[in-house]
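K.L.:
any chance you can model this:
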Amino acid sequence: MKKLLFLLAVLIIVLAIGQKSRLPFNLQQTTPGQTVEKQTVIYEESVITKVVEESLPSVVTIGINKMTSSGDFFEVDPFNPFSPFRRIPGRQQNVDQNIGSGFIISSDGLIITNKHVVSDSDATYKVLSNDNKKYDITKIYRDPLNDLAILKINATGLKPLKLGSSNNLKLGQMAIAIGTPLGEFTNTVTVGIISGLGRGITAGSPFEGYVEKLDNVIQTDAAINPGNSGGPLLNSKGQAVGVNVALAQEGQNIGFALPIDIVKTLIDNFNKQGGNFERPYIGVRYKIIDKQTAILNELVEGAYIIEVIEDSPAYKAGIQEEDVIIEFDGQKVKGGDDQGLTKQIMEKKIGQSIKLKIWRNGEILNKQLTLEPYNE
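P.N.:
Below is the predicted model:
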């Protein structure tokens, strides 16, 4: 009996030692708190590397090619007292450099980028893919309402990037930016979080001197530099939730991206028109007034007109700066939706007659305009 008990005790000890030896090395050498921290770091790294690996084939670099010339200048000729100054003609120079980023949205060659990246209608643009293939851009569709553009290249079998949603973004969630900062460092990856929502900024291109005011953008601390413009801002699922658009010059680690839902609306409209680059527009720049702002400033909810483009449908209908559009074709322009009026316009067709209700200096006016195609 004693012998049996002894053998049983030995067996229990052997099993216990065996179980301990099968534990991961880091669990034997760390405290419980350290173990959780290591596991968290390893998980985060694996998420990032997986997102980058799956997304890189869909991210592209955009380059510009353009002839520029310096202005004429005068040179002093000390040996000619009658005409001491002589004109030296300016020199022509070919600019060929990478200036921005973009990402593929269809297998047959549609690419999203910022409008300010491809704003020069006199230049030609090219696309450099992740596998170092170069493509000429055959068509450019510049969105008249947002800093966005759709590019077309002749290609097949491309990998589109997955598009997420920007409606349910939360402060603090992971944000991964991919692009070509400074037009030089292709496939650069930076990681941060969503730092803010609903920001208003001025965006532009240091290469082309183009600026535009943008509302309702996403703020992130993922490093964004000139050249990142047009590249995707991704979530932990590898879905694009924004289009990188600008950085704050006055501070560090402050970058901005356009919400992806704006891009999805743009793509839907593009597809509805059978790949046509034309879209309806009314020809105004506006800022949405919500209910609280309206009460504080003795205004009404709606789209406050900042600028009316000359010869546009709005201009022809007699709409003026400081008017407020409160109804568009029988639908209220909601003060809580920055993209409300844009969506309402996009749902209409070119040539369609639209009735508007306008608030002007305390009066309600009825206007009518005909939607026209936007021409650059």
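
K.L.:
so where's this structure shaky on pLDDT?
P.N.:
Low-confidence segments of the chain (pLDDT under 70): 1-43, 69-91, 144-145, 200-215, 248-253, 273-278, 335-339, 375-376.

K.L.:
and it, what are its domains?
P.N.:
59-153, 174-266, 278-373 (automatic domain parsing).

K.L.:
of all those domains, which one is nearest E53?
P.N.:
When those are ranked by proximity to E53, the top entry is domain 174-266, at 9.0 Å, counting by Cβ to Cβ. No exception for glycine: its C-beta is placed from N, CA and C like everyone else's.

K.L.:
quick one: end-to-end length of that closest one, please.
P.N.:
One end of domain 174-266 sits 25 Å from the other (Cα to Cα, to the nearest Å).

K.L.:
please begin residue numbering at 695 from this point
P.N.:
With 695 as the first residue, the last one maps to domain 868-960.

K.L.:
before we move on, the earlier item: can I get the domains of the chain in CSV with distance to G858?
P.N.:
Converted to CSV, the domains of the chain look like this (distance: least, Cβ to Cβ, whole Å):
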stretch, distance to G858
domain 753-847, 13
domain 868-960, 3
domain 972-1067, 17
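
K.L.:
deepest-packed of those, please.
P.N.:
domain 868-960 (a mean of 20; mean count of other Cβ atoms under 10 Å).

K.L.:
hmm, back to that, out of the domains of the chain, which gets nearest to T743?
P.N.:
Of all the domains of the chain, domain 868-960 sits nearest to T743, with 9.4 Å by Cβ to Cβ.

K.L.:
of all the domains of the chain, which one comes closest to N861?
P.N.:
Using Cβ to Cβ, the domains of the chain put domain 868-960 closest to N861, at 6.0 Å.

K.L.:
centre of the chain to the closest one, how far?
P.N.:
6 Å (Cα atoms, centre = their mean, to the nearest Å).

K.L.:
could you do stretch 845-861 as well?
P.N.:
With Cα atoms, centre = their mean as the basis, the mean position of stretch 845-861 lies at 13 Å from the chain mean.

K.L.:
can you give me the buried ones in that stretch?
P.N.:
Residues of stretch 845-861 classed as buried by neighbour count (16 or more other Cβ atoms under 10 Å): 845-847, 849, 852-858, 860.

K.L.:
mind checking which of the residues you listed are in strands?
P.N.:
845-847 (DSSP state E).

K.L.:
and the gap between the closest residue to V745 other than its chain neighbours and L855?
P.N.:
Closest residue to V745 apart from its sequence neighbours, by Cβ to Cβ, 6 or more residues apart in numbering: G932 at 4.3 Å. Distance of G932 to L855, given as Cβ to Cβ, to the nearest Å: 8 Å.

K.L.:
what is in contact with these two at once?
P.N.:
S749 (Cβ atoms under 8 Å, 6 or more residues apart in numbering).

K.L.:
mind listing what L865 touches?
P.N.:
887-891.

K.L.:
run the last query once more with 10 Å
P.N.:
Shown in contact with L865 (Cβ atoms under 10 Å, 6 or more residues apart in numbering): 887-891, 913.

K.L.:
N1055: which of those residues is nearest?
P.N.:
Checking the contacts of L865 against N1055 by Cβ to Cβ gives L891 as the nearest, at 33.8 Å.

K.L.:
quick one: the closest one from Q787, how far?
P.N.:
Following Cβ to Cβ, the distance that separates L891 from Q787 is 43 Å.

K.L.:
what is the most widely separated pair among the contacts of L865?
P.N.:
So, the contacts of L865 by Cβ to Cβ: farthest apart are I887 and L891, at 11.8 Å.

K.L.:
tell me, what's touching the two both at once?
P.N.:
864-865, 913.

K.L.:
which one of the residues you listed sits closest to G921?
P.N.:
The nearest member of the shared contacts of I887 and L891 to G921, counting by Cβ to Cβ, is Q913 at 19.2 Å.

K.L.:
return the backbone torsion pair for the residue nearest to the closest one when sequence neighbours are not counted.
P.N.:
Computed as Cβ to Cβ, 6+ apart, the closest residue to Q913 that is not its neighbour in sequence is G890, at 3.4 Å. Note on G890: its backbone torsions stand at phi -170, psi 160 [degrees, to the nearest 10].

K.L.:
I figured G890 was touching K864, is that so?
P.N.:
No. Applying Cβ atoms under 10 Å, one finds G890 not in contact with K864, separated by 11.5 Å.

K.L.:
all helices for the stretch 845-994 of the chain, in order.
P.N.:
954-966, 985-990 (DSSP state H, counting those that start in this stretch).

K.L.:
out of those, which gets nearest to L1035?
P.N.:
Minimum separation from L1035 across the helices of the stretch 845-994 of the chain (Cβ to Cβ) falls at helix 954-966, 12.1 Å.

K.L.:
identify the residue nearest the geometric centre of this protein.
P.N.:
V937 (1.9 Å; Cα atoms, centre = their mean).

K.L.:
could you say which helix or strand holds the residue lying closest to K846 once chain neighbours are set aside?
P.N.:
Sequence neighbours aside, K833 is the residue nearest to K846 in space, at 4.0 Å (criterion: Cβ to Cβ, 6+ apart). Element membership for K833, per DSSP states H and E: strand 828-836.

K.L.:
mind giving me the packing neighbours of that strand?
P.N.:
Contacts defined by 3 or more Cβ pairs under 10 Å, 6 or more residues apart in numbering; DSSP states H and E place strand 828-836 against strand 753-763, strand 804-807, strand 818-822, strand 843-847.

K.L.:
adding distance to P920, write those out as a markdown table.
P.N.:
Output for the helices and strands packed on strand 828-836, formatted as a markdown table (distance: least, Cβ to Cβ, whole Å):
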| stretch | distance to P920 |
| --- | --- |
| strand 753-763 | 13 |
| strand 804-807 | 14 |
| strand 818-822 | 17 |
| strand 843-847 | 17 |
